[in-house]
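Engineer: quick check, what structure comes out for this input:
(one chain, ligands or ions: 2)
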Amino acid sequence: MNPDILRERQNATFDIEKLTNILDGGAERTNRRREIREVLVLNDPDFDYGTPTSLPTMILKLREYGISDPVEINWYKSMYWGTGREALGLHYVMFLPTLYTQCDSEQFNKWVPLIIGTYAQTEMGHGTHLRGLETTATFDPATQEFVMHSPTVTSIKWWPGGRNPLFLPLIFLSIPLSASLFDLFLSGFALPTCSGIVIGDIGPKFGFDAVDNGYLKLEHVRIPRENMLMKYAQVKPDGSYVKPLSSKLTYGTMVFIRSLIVGNAGIVLSQCCTIAIRYSAVRHQSEIRAGEAEPQILDYQTQQHKLFPLLATAYAFLFAGQYMIDTYNRISGDINQGDLSEMPELHALSAGLKAFTTWTANTGIEVCRMSCGGHGYSRSSALPDIYVEFTPSCTYEGENTVMMLQTARFLMKSYRQVQAGQQLSGAVSYLNKVHHRVMAPQAVSSQLDLNLNTLVDLYEIRAAMLVELAAQSIQQESARGKCQEDSWNNSTIDLVRASDAHCHYMVLKMFRDKVDQIEDPGVHSVMSTLAHLYAIHGMGNFTGDFLQAGVLTGAQVPSVSKCLKGLLAEVRPSAVLLVDAFDHHDKMLNSVLGRHDGNVYEAMFEWARSSPLNRTEVHESFHKHLKPLQAKL
Ligand SMILES: CCCCCCCC/C=C\C/C=C/C(=O)SCCNC(=O)CCNC(=O)[C@H](O)C(C)(C)COP(=O)(O)OP(=O)(O)OC[C@H]1O[C@@H](n2cnc3c(N)ncnc32)[C@H](O)[C@@H]1OP(=O)(O)O
Ligand SMILES: Cc1cc2nc3c(=O)[nH]c(=O)nc-3n(C[C@H](O)[C@H](O)[C@H](O)COP(=O)(O)OP(=O)(O)OC[C@H]3O[C@@H](n4cnc5c(N)ncnc54)[C@H](O)[C@@H]3O)c2cc1C
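Structural biologist: Ligands and ions are numbered 1, 2, ... in the order given. Here you go, the predicted model:
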C-alpha cells in the first residue's frame, strides 16, 4: 500500500464502518450489499470484468440468485456495469415502472414478466413541452384499434433509449396524452414486420454510447385498443374516453426517475471525490517551504477548497436522495390509493432537487477531474468517462431550467396562498413567516453564529426573500401592463434563482436533520463539520443573497472566508477516511487514480502498456504510411 495513503488511514477519529452503515441504511444492508458485490459478482466465475457482459446473462444471474428487490438489483447492476451505463437501463428505470404504475391488472399480468422495452415520449420537435407532442392516436371503433401516426417530421419519436432493433415494445405518449403500450415486434435488424414503421438510430452522441438512442416514424400504424395503458384513463369499445383523476398521472414515471436521480447525483459525486482525494493524498508536487520535500497536493489550501466542499456536497446529496425516495414512496403510495393531495408537492420537490443536484454534481465532476492535473484527463482516471455519462442528466428526464421553473410555479402558488392568509404545511411552510413578517432578519451578532440550526435558519430566510423578490417581479411586470404570461417570462431569472435557493435550503435542512440522528460521537462530529462546511461554502458563494436578506453584515463577510478556511483544515485529517466510507470497490470505480491502495504510478504504467496502441514495438501506421513516404523523400 502507498505509504501516504497508509498514513492517512491512521489515527481515525471516527468509525468508518458506522458511517458506511448510515449511508446504506443500516449494518445489515451494508453486509448484503457487500455479499452481492463480493460473492455474487466478483467471485462469480462467469463474471469476466474485462468484457461487458450481456443483459441476458445478468438477468439469468439475478433470477438464479433470487435477487428481486429493486435496491438489491441496483447494487448488483452497478457492480456489474461499474461507472458506465447499461445498454437497456431504460427498460428498468422507465419502461417497467410505467407498466407497474399505468397498467390495469389484466395488462400487468399480460406484459410485465415477458417483455423488454423502451420509453418513446420525446419527438424531434418536442422534448420539454409535452402538450406540444404531435404524434396522434386515433381510435377506430370499427376495428377496435388505435391508428398511430407521425404527421410531421418534427413528430418523429426521437431519443428512445435501448431501441433494440429485434423487438421494440414502446411506452408511447401521444395526443391526447395517454400512455399506450405500443407493441412493435420487428424481425431481422430494424426491418419492421409491418408496414408504416420507419426505425433507426439517431447517430453518434457526446457519449452515452452503451445506450442506442433511436428514432421511430409511424405511418398510420394500427395497434389494439387494449394496448392503451388503462389504469388511470380508458377508451371504451364505443370510443368514449374515461378521464383520469389527474392528467398529470401520465407523468408519473418522470417523477419517479427524477426522484432516483437525486441520490444518483450524490453517488456519482462521491465516486469522483474518492478518486480525486485519494490521488491528492499520494500526488506530491512543487514545494511549500523551500528546500523541503514536495508536499502532498492535498496539503495545498486551494486543493482543499476545490475538493472538500464537494465531499460535503456528496454526503448532502446522498442524504437528500434518501429523503427524496422515501418521500416519493410515501406520496406515490397515497396516489395509488386515490389521494392526490401531495402530488403537486412531490412534483415540485423532485423537479427542483433533480435540477439542483445534477447541475451541482455536473460541475463538481469537472472540478475533480481538473484537480488531478494531466492524469485527470487520462481515461485511466475514469473521470472523463464519468463526466460524459453523467452530464446528460441535466437535460434528460426534464431539462433543468424547465424543472426549476416548475418548482418556481409551486413556490409562487404557495406565496400567493400565504398572502391570502392561508397557513402552509410541508416544505414551503417557512413562507408562512413571510406573511407575518416574522422573517425579519435576525439580530446578527458581530461574530458569525456557527450553530448549524442558525445556519439553516439563514438559508430559510434567504430562500423566502428570493421567493418574495420573484413574486414582486411578476407583480411589477403586471403593474406595467404586461399580461400574466409575459410577467412570468420577464421574471424567470428571479424564479430560477428562488427555486435554486429553496432547494439549497432543503438540502442543508436534510443534511442537518440526518446529522441530528447520528448517535456515534465520532461520526456525529465529522459529519457536523461537513454540514457546516456545506453551509459556509454556500454562504461564500452567495454572499450577496445573505447580505440582501439582511442576515449577514458587510463586517461579517471576512469571517465567512476565515471560517471556511478553518473548516477545510478541520476536514483535512479525515478526508481519505471520509471517501473510504463511501465504500466504492476498485473494480467498480475502475480508476487508476482512485485505487484503494494508492499505488497509482505502477498501475498507470501497466494501464498504458495494455493499450492496443502498444501491442507492437512500432505501430503499423509507420510501415503503412511513414516508411513509404520516407522512401520517396
Ligand atoms: C439509479 C438510476 C439513476 C438515473 C438513471 C437515468 C437513466 C435514464 C437515462 C436516460 C433516459 C431519459 C429518458 C427521458 O428523458 S424520458 C423523457 C423525459 N421528458 C421530460 O421529462 C419532459 C419534461 N416536461 C414535462 O414534464 C412537462 O412538459 C412540464 C412539467 C414541463 C409541463 O407540463 P404541462 O402539462 O405543460 O404542465 P404545466 O406546466 O402547464 O403545469 C400545469 C400543472 O400541472 C402540474 N404538473 C406538471 N407536471 C406535473 C407532474 N409530473 N406531477 C404533478 N403535477 C404536475 C404543474 O405543477 C401545474 O400545476 P398548477 O401550478 O397547480 O396548475
Ligand atoms: C442522453 C439522452 C437520453 C435520452 N433518452 C430519452 C428516452 O429514452 N426517451 C425519451 O422520450 N426522451 C429521451 N431523451 C430526450 C430528453 O428527454 C429531452 O432531450 C429533454 O426532455 C429536453 O427536451 P428538448 O431536447 O426538447 O430540449 P428543449 O426543451 O428544446 O431545450 C432547449 C432549451 O430551451 C429551454 N426551454 C425550453 N422550454 C422552456 C421554458 N418553458 N422556459 C424556459 N426555457 C425553456 C431549455 O431550458 C433549454 O435551454 C434523452 C435525451 C438525452 C440527452
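Engineer: hey, let's count contacts and neighbours off CA atoms from now on
Structural biologist: Fine.
Engineer: in the chain, which helix has the most residues?
Structural biologist: helix 301-336 (DSSP state H).
Engineer: list the buried residues of it.
Structural biologist: Residues 303-325, 327-328, 331-332, 335 are the ones in helix 301-336 that count as buried (16 or more other CA atoms under 10 Å).
Engineer: domain assignment for the chain?
Structural biologist: Recorded structural domains for the chain (assignment: automatic domain parsing) are 34-88+252-400, 117-244.
Engineer: got a markdown table for those domains, with mean pLDDT too?
Structural biologist: What follows is the domains of the chain, written out as a markdown table (pLDDT from 0 to 100):
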| stretch | mean pLDDT |
| --- | --- |
| domain 34-88+252-400 | 92 |
| domain 117-244 | 81 |
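Engineer: near ligand 1, anything from whatever helix or strand comes next after the longest helix of the chain?
Structural biologist: The element immediately downstream of helix 301-336 (helix or strand, assigned by DSSP states H and E) is helix 343-370. Yes. On the criterion CA under 6 Å from any ligand atom, helix 343-370 is in touch with ligand 1 at 343-344, 347.
Engineer: just the closest of the residues you listed to residue 622, please.
Structural biologist: Residue 622 lies nearest to residue 347 out of these, by CA to CA, at 59.0 Å.
Engineer: contact partners for the nearest residue to the closest one once chain neighbours are set aside?
Structural biologist: Distances taken as CA to CA, 6 or more residues apart in numbering put residue 255 closest to residue 347, at 6.3 Å, once the chain neighbours are dropped. Residues in contact with residue 255, defined by CA atoms under 8 Å, 6 or more residues apart in numbering, are 346-347, 350-351.
Engineer: highest neighbour count among those?
Structural biologist: residue 350 (30 neighbours; other CA atoms under 10 Å).
Engineer: look up how far residue 403 lies from the closest residue to that one other than its chain neighbours.
Structural biologist: Excluding its sequence neighbours, the residue lying closest to residue 350 (CA to CA, 6+ apart) is residue 259, at 5.3 Å. Separation of residue 259 from residue 403 (CA to CA, to the nearest Å) stands at 12 Å.
Engineer: before we move on, what about residue 225?
Structural biologist: 33 Å.
Engineer: for these two, indicate the residue with more neighbours.
Structural biologist: residue 403 (28 against 23).
Engineer: can you pull the contacts of the more buried one?
Structural biologist: Here residue 403 is in contact with 351-352, 354-355 (criterion: CA under 8 Å, 6+ apart).
Engineer: closest one of the residues you listed to residue 470?
Structural biologist: Nearest to residue 470 among those, counting by CA to CA, is residue 352 at 16.1 Å.
Engineer: isn't the closest one right up against residue 499?
Structural biologist: Yes. With contacts counted by CA atoms under 8 Å, residue 352 reaches residue 499, the gap being 6.8 Å.
Engineer: what touches both of those two?
Structural biologist: Joint contacts of residue 352 and residue 499 (CA under 8 Å, 6+ apart) are 404, 407.
Engineer: returning to what we had before: count of residues packed around the residue nearest to residue 350?
Structural biologist: Residue 259: 29 neighbours (other CA under 10 Å).
Engineer: and the helix or strand hosting it, is it in reach of ligand 2?
Structural biologist: Residue 259 belongs to helix 252-282 when elements are defined using DSSP H and E. No. Using CA under 6 Å from any ligand atom, helix 252-282 never reaches ligand 2; the gap is at least 9.5 Å.
Engineer: got the angle between that helix and helix 343-370?
Structural biologist: Orientation check (axes from the mean of the first three to the mean of the last three CA atoms, to 10 degrees): helix 252-282 against helix 343-370 gives 30 degrees.
Engineer: farthest pair in the contacts of residue 255?
Structural biologist: Pairwise distances across the contacts of residue 255 peak at 8.3 Å for 346 and 351 (criterion: CA to CA).
Engineer: chain neighbours aside, what residue packs nearest to the most centrally placed residue in the chain?
Structural biologist: The residue lying closest to the centre of the chain (CA atoms, centre = their mean) is residue 261, at 3.1 Å. Distances taken as CA to CA, 6+ apart place residue 354 nearest to residue 261, at 6.1 Å, with adjacent residues excluded.
Engineer: give me every residue that touches the one you found.
Structural biologist: 258-259, 261-262, 400, 403.
Engineer: near ligand 1, which of those residues show up?
Structural biologist: Okay, of the contacts of residue 354 touching ligand 1 (CA under 6 Å from any ligand atom), that's residue 261.
Engineer: how about residue 138, secondary structure?
Structural biologist: strand (DSSP: H, G, I helix; E, B strand; the rest coil).
Engineer: and it, what does it touch?
Structural biologist: Residue 138 sits in contact with 146-148, where contact means CA under 8 Å, 6+ apart.
Engineer: residue ranges of the strands in this structure, please?
Structural biologist: Residue ranges of the strands in the chain, as given by DSSP state E, are 118-120, 136-140, 145-149, 157-161, 170-174, 178-182, 186-187, 191-192, 197-201, 213-218, 221-224, 234-235, 241-242.
Engineer: export these to CSV and tack on distance to residue 551?
Structural biologist: Output for those, formatted as CSV (distance: least, CA to CA, whole Å):
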stretch, distance to residue 551
strand 118-120, 47
strand 136-140, 54
strand 145-149, 57
strand 157-161, 46
strand 170-174, 48
strand 178-182, 48
strand 186-187, 63
strand 191-192, 64
strand 197-201, 54
strand 213-218, 49
strand 221-224, 61
strand 234-235, 54
strand 241-242, 53
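Engineer: of all those strands, which lies closest to residue 374?
Structural biologist: Across these, residue 374 has its closest neighbour in strand 213-218 (32.1 Å, CA to CA).
Engineer: adjacent strands (with direction) for that closest one?
Structural biologist: According to DSSP bridges, strand 213-218 forms sheet pairs with strand 157-161 (antiparallel), strand 197-201 (antiparallel).
Engineer: okay, now residue 381: neighbour count?
Structural biologist: 27.
Engineer: excluding its backbone neighbours, what's nearest it?
Structural biologist: Nearest residue to residue 381 in three dimensions, chain neighbours excluded: residue 591, at 4.7 Å (CA to CA, 6+ apart).
Engineer: cheers, nothing more for now.
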